[in-house]
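J.: Return a 3D structure for these sequence lines:
(chains A, B and C)
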Amino acid sequence: MASFLVRNGLILAGLVLVPVFVGEFWAYQLGLYFLYALAAMGVGLIWGQAGILPLGQGMFVALAAYLAAYGLLGLGPSPLAYLIIPAACLAVALLGFVFAVTIFRGRLEQGPSFSLITLALTLAAFQIATTWSSVTGGFNGLRNIPGLPGLDGFLDLYYLIAVVLALAIATVDYLVRAPIGALWRAVADNERRLAFFGYDVAALKAVAFGVACGLAGLAGALYAPQQNLVTPDIAGFAFSGDLVIFAAAGGRAAVLGPVVGAIVVGVLSAELRGRFPWWEIAIALFFIVVVLRLPGGLMTLFAPLKRLRLARSPVPRPSQAPDKPRIATPLTVAFEEVCVRMGDVTILDGLSMQTGDEAVLCVIGPNGAGKTSALNVMTGALPKRGGRIVIDGVDVLRPQPAAVARSGVGRKFQTPSVFQKLTIDENLAIALWAGRWRGIDLLLPSLFGWTTPLLDEMRRRFEFMRSGAKPASDLSHGERQILELSMALLTEPRLLLLDEPCAGLSHEETAAVIDAIRWARHYLINLRIIIIEHDMELVRRLADRVVVLHQGRFLADGSVEEVQGNPDVRAVYVGGTR
Amino acid sequence: MESLLITQAINAVYEILILAVLVLGLAVVMGLLNVLNIAHGEFVMLGAYCAYLVQKAGFPYLAAVPAAAIACGAIGLVVERFLIRPLRYDPFETLLATWGLGLLLRKLVEFGFGRGFRSVDIPVSGSISVFGEAYPIYRIVLMVISAAVLVLLFVWYARAPTGARIRAMVGNPVLAEAVGIKTRQLARNTFAAGTAWAGVAGVMIAPLTPVEPFMGLTLIVNSFFAVVVGGMGTVTGLFAGAGIIGGLQSVLSAAVSPNTAYLAMLLLSILFLWQRPRGLFPRS
Amino acid sequence: MLTSIKTSRRDLLRAAGVGALAIGAPAIIRPAAAADTLKIGVLVADSGPAALFGPAQRAAAELGAATVNAKGGILGRQVEIVFADAGVPPAEVAKSAVKLMLSDKVEMIFGSHDSAVRQGVENVVKSKIPYVYTPVFEGDDCSPNVYFLGEVPEQELQKTLPKLLEFTKDKTFYLVGDDYVWARTTNEKAKKYIAQIGGSVVAEDYYPFGAPNRFESTVTRIKSMKPAIVLQTLVGGDNVNFNRTFADFNLSDDIVRLSCLLEENTLMGIGKDASKNLYSSLGYFADIDAPQNKAFIGELNKKYGDKAPQQCTISKGLYDAFVFSAAVTAKSQSLAAKEFAAAAEGISFDTPSGPMTMKNRHTIKNIFLSRCDGTKFTVVDTFTAVPTQQACT
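T.: This is a model prediction of the structure:
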């Protein structure tokens, strides 16, 4: 907390003191670039944090500007005019949120389509703003917009803008460091994995977009009184593209990156454009170099500053995480004649199997038998063509990953799927928060201190998890497997799906994992585990019951010995030693 | 007053084919290599300038085709080596890098030729009668060439060994490398082919559009929409995209108004992108 | 917004903080311009869609300054130009205008750019200094202390439309333009004149501004409706594109085209094969056979040799601005708003396109109807002293 206040206090002081050093005109000029910086920070948030490139933020700036213009024209000299700024900001933020949640609902990993939707919207917005002259003033713009009452001269509005910018920076700073910031980065890193923890990924993305639009809204709301003129060009692609360039050049992942980008690129452009005809070539080359060599943008040049400790870094105080509501019985799953097809290939051909009383069920079968696909179709990663999947007695028509996860299913994927760019601690935290956070918990940094006995146990058993500040990408393959397993266990599921949990593990690691699974099985009394495994040794040590699949169909089941003695099984599945 | 419906119909077909040809280079690069080359319009622009220079020097217009292909292909090779490959063919990074590239190319051409318009004479002037209505010959020629190229490309991609290799590389690059397909070279050549083709498209449209350094910018937006709405990586997708973006606009422009047509195209793109984020006919 | 510069304490602090920022700060603490030169801010299109006019605008402005300086300058002081880019968004041009006034201390601003930018500049100038706006525009702006030298639609069309009927078989008009203020306003005014001459409008097509437009649908409609005259308010690339498509569909022989903004550069783009029966109505063409124009072009060629940029009405207006200002200040002996406005009303001055007289802050001027011959303009008729019908006080 202390370092947060110091950091942002310094920024506020710096911004407010600028006119002292550079005079009125510069304050006026910087005011405009601060507004650009506000909007660019929104781009940095949605893109640098959540990994979604917005190509149309200009439209939201313009919308807020037009709204503010009408507000100012209507309210004029009344002090109520100041309410226009938060009102326009909230209106646009809400609109952005609703828009994003509609687009993202029910779809994972959209690639360029969301970006292009925003591009199409901004092009349409420019056309509408240009032709709807009766409302927007058309191409020439809405003019004679009064300024905010009581603010005369260039300087007064500058101070307001500077304060707003400082507050916005502080807000973004806070959000980035809050649990929700970690979740946004998880979205950018591995959306699918996050959905499988039960998080509403669409809502997370929409909140990020809403905040980004709120920042754009602030920029627009202050633009109208600063310029006293709102023209359609801010709605168009050129301005939206500039915002992306500011964020990229400055460093989209850093809080101050877009601010630095907007000011440096904007000011340099304005100053040097007139003096050097080849200025735009220089800026194009500079941009290319930044993309190639400085992916973190200009802010990487300031990286050494990070080591400057202005105050004590916040260390989260450990606290007991709230309990998840426990249902006493393990999850039951039944497949009834389930069919899955991908193009011409039949993956599951009328698969029928179900869980019984066993705590650990191993699913085995030759490659291509459909083992992973069975898990995929159950958790909604593959579409079901026919048959029924009954989870806890309820026929689940179209399983959605997040919903399935929330009903108590945890999953460890075949290839270890963790959040590579996040630290080990953040990975574990995200798993821990799933299903436990309430209300505004995701805004509270104290969540980083949550712990449970299970987490303590995992940290005790596996030493690498104690160096929690390391990024997960630094881990070996085996360590990542174990990390993902722990994360799945942390959600305290009723059904745990393990897909080859020991693949690629050394002998010692395998033993440690088996031991951990055994411990978890007893600690979490309502836990059922389904393990897909090839290693018969493992199956022998862990399985209460075995199911054999072959060519997308159920072949046989029973205890380990029964299955190994089954002639049909022998015929299709040879031995099975590693 | 004749209603000239046939002419309007041919206009729509022309729009679709021309857009398909313009977009082809981009569809190849985006659909097969996952590279978002936003400087695609600039390669078309360079091709158009090649056509202008060839015509000004007195050579036959057809000479501009190999000239543009070589020039744009060569630049494409350089771009692939220094921009695309270092960024590991990542879509967002290449989008940014090619944005800078586009800025650079525009400015360089502006320095060399100035901002003014260059006029490229139509190589085949006059009209012929199509179902009783006169239609400009050059556009008919372009339509025939475009259709032929697209069909040939489709067949080649499906049948020829290089086509198979590209499909393998796209489907599973690691495996392709393992069986001896030189994926790096193949990717590089595919990229250069995409830019070379953009240049040739520029030669084709140069007599029909204003040739100036910023002409690429007007093209690129529609091109991106056509590729993404239609679906990346399939020829059907290319036609679908060109059909929706180009054909629809042409029809609505004639039937209602150009303004409505443009907004409708944008709205439809939004709807399609929302409901089918991977496009109508994506590579599965 | 432009209240008086604040206290000298601030000046001291500024001087103290000069080390803080290298860029720009020296410009602010530079001592006030020597009393000998009169600085004039000139907004030209260095970037943006109109950037093709930039070099010509600069050349015309510089020649204007040189011409005025040779005759003693303005108010006895030599004129010095400070250029700024008007091709950037209006907010940024407004910022440049503020810089011109506060930091460069210009005493007049001349602008050759679109109306959105003009409104942005008017917002910050706030009638503190005279603002001379030179290009073709839609009219209907009466902002105080702003002086308009460019052609308004009333001037372009009033006398031209009746004359054009001599070349056509009947009086049916097809209107096609870009969808923004200038085009829409021009068309509204055109409809009045068309009604006056007994003509009729068969259709009106508007194209989205800045979109990748294709014109086959409109051209096909024109082909089917067979109007006598196509009145165009398309600009830039759309102007070129439409006209080439029009000619490609073989319509130039039978249908006359009149463009409201077709100058030399755009005609180059349209090309010789597409310019048959294409007319342009403007206040200036570079090939006008008049002694003042010959002198103007001659001076430019002398100064820039074969690098002289192609002049057109958009750029030549800046030259006029200097001549205008010299004439007004010779009479008013002051740049103060009231005196300047009083002296400006009724003043006549000589330009390369002929004499201009200011009335209601707009200019009565010659209008030329030109026909395109290949890529050159041939003046078909000259209308002298065409009034603007603007009622600003």
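J.: Tell me the pLDDT of the residue in the stretch 101-250 of chain B that chain C sits nearest to.
T.: Residue of the stretch 101-250 of chain B nearest chain C, by C-beta to the nearest C-beta: residue B:117 (2.5 Å). No exception for glycine: its C-beta is placed from N, CA and C like everyone else's. Residue B:117 is assigned a pLDDT of 90 by the prediction.
J.: Spatially nearest residue to it, not counting backbone neighbours?
T.: With sequence-adjacent residues excluded and distances taken as C-beta to C-beta, 6 or more residues apart in numbering or on different chains, residue B:117 is closest to residue C:269, at 2.5 Å.
J.: I figured the one you found hits residue C:240, correct?
T.: Yes - if you go by C-beta atoms under 8 Å, residue C:269 and residue C:240 touch, sitting 3.9 Å apart.
J.: Touching both of the two, which residues are there?
T.: By C-beta atoms under 8 Å, 6 or more residues apart in numbering or on different chains, residue C:269 and residue C:240 have these common neighbours: B:117, B:210.
J.: any idea where the strands of the stretch 401-550 of chain A begin and end?
T.: Secondary structure of the stretch 401-550 of chain A (DSSP state E, counting those that start in this stretch): strands located at A:409-412, A:450-451, A:495-499, A:528-532, A:545-550.
J.: Among those, which comes closest to residue A:158?
T.: With distances scored as C-beta to C-beta, the stretch of the strands of the stretch 401-550 of chain A nearest to residue A:158 is strand A:450-451 (43.1 Å).
J.: ok, the closest one: who's next to it in the sheet?
T.: If you go by DSSP bridges, strand A:450-451 pairs up with strand A:319-320 (parallel).
J.: Now the strand it pairs with: average pLDDT?
T.: Mean pLDDT, computed over strand A:319-320, is 85.
J.: quick one, what contacts the closest residue to residue B:40 other than its chain neighbours?
T.: Closest residue to residue B:40 apart from its sequence neighbours, by C-beta to C-beta, 6+ apart: residue B:26 at 4.4 Å. By C-beta under 8 Å, 6+ apart, the contact list for residue B:26 reads B:37, B:40, B:194, B:198, B:223-224, B:227.
J.: Taking the stretch 201-350 of chain C, what residue is nearest to chain B?
T.: Counting by C-beta to the nearest C-beta, the stretch 201-350 of chain C gets nearest chain B through residue C:269, at 2.5 Å.
J.: helices or strands next to the helix or strand containing that residue in the packing?
T.: Element membership for residue C:269 (DSSP states H and E) is helix C:264-270. In terms of contacts (3 or more C-beta pairs under 8 Å, 6 or more residues apart in numbering or on different chains; DSSP states H and E), helix C:264-270 is packed against helix C:236-248, strand C:376-386.
J.: And the pLDDT at the residue most central in space within chain C?
T.: Using C-alpha atoms, centre = their mean, the residue of chain C that lies closest to the mean C-alpha position is residue C:135, 1.1 Å off. Here the pLDDT value assigned to residue C:135 is 95.
J.: Same check on residue A:448?
T.: pLDDT at residue A:448 comes out at 88.
J.: That one reaches residue A:429, doesn't it?
T.: Yes - between residue A:448 and residue A:429 there is a contact under C-beta under 8 Å: 5.8 Å.
J.: The closest residue to residue A:480 other than its chain neighbours - how many residues pack around it?
T.: Sequence neighbours aside, residue A:416 is the residue nearest to residue A:480 in space, at 3.9 Å (criterion: C-beta to C-beta, 6+ apart). Counted with other C-beta atoms under 10 Å in any protein chain shown, the neighbours of residue A:416 add up to 24.
J.: and residue A:416, what are its phi and psi?
T.: phi -60, psi 130 (degrees, to the nearest 10).
J.: so it makes contact with residue A:484?
T.: Yes - here residue A:416 reaches residue A:484: they are 4.9 Å apart, a contact under C-beta under 8 Å.
J.: who's in contact with residue C:108?
T.: C:38, C:40-41, C:129-132, C:325, C:335.
J.: taking those residues one by one, which sit in helices?
T.: residue C:325 (DSSP state H).
J.: from the contacts of residue C:108, which is closest to chain A?
T.: The closest of the contacts of residue C:108, once distances to chain A are taken by C-beta to the nearest C-beta, is residue C:41, at 11.6 Å.
J.: Tell me the spacing between that closest one and residue B:96.
T.: 36 Å (C-beta to C-beta, to the nearest Å).
J.: what's the burial count for residue A:89?
T.: Residue A:89, neighbours per other C-beta under 10 Å, totals 26.
J.: End to end on stretch A:44-56, go ahead and measure it.
T.: Across stretch A:44-56, the terminal residues are separated by 13 Å (C-alpha to C-alpha, to the nearest Å).
J.: any idea of the mean pLDDT for it?
T.: On average, stretch A:44-56 scores 92.
J.: wait, does that stretch make contact with chain B?
T.: Yes - Stretch A:44-56 comes into contact with chain B (C-beta under 8 Å from any C-beta of the partner chain), by way of residue A:53.
J.: Next, the residues that contact stretch C:254-263 from outside, please.
T.: Contacts with stretch C:254-263, where a contact means C-beta under 8 Å, 6+ apart, come from C:136, C:153, C:156-157, C:160-161, C:164, C:167-168, C:186, C:222, C:226-235, C:239, C:243, C:246, C:270, C:277-282, C:285, C:312-314, C:372.
J.: Now that stretch: buried residues?
T.: Applying a neighbour-count criterion of 16 or more other C-beta atoms under 10 Å in any protein chain shown, one finds C:255-263 buried in stretch C:254-263.
J.: tell me how far the ends of it are from each other?
T.: 23 Å.
J.: So which residues on the stretch 51-200 of chain B come close to chain A?
T.: So the stretch 51-200 of chain B meets chain A at B:83, B:86-87, B:91-93, B:95-97, B:99-101, B:103-104, B:107-108, B:111 (C-beta under 8 Å from any C-beta).
J.: Good, we can wrap up now.
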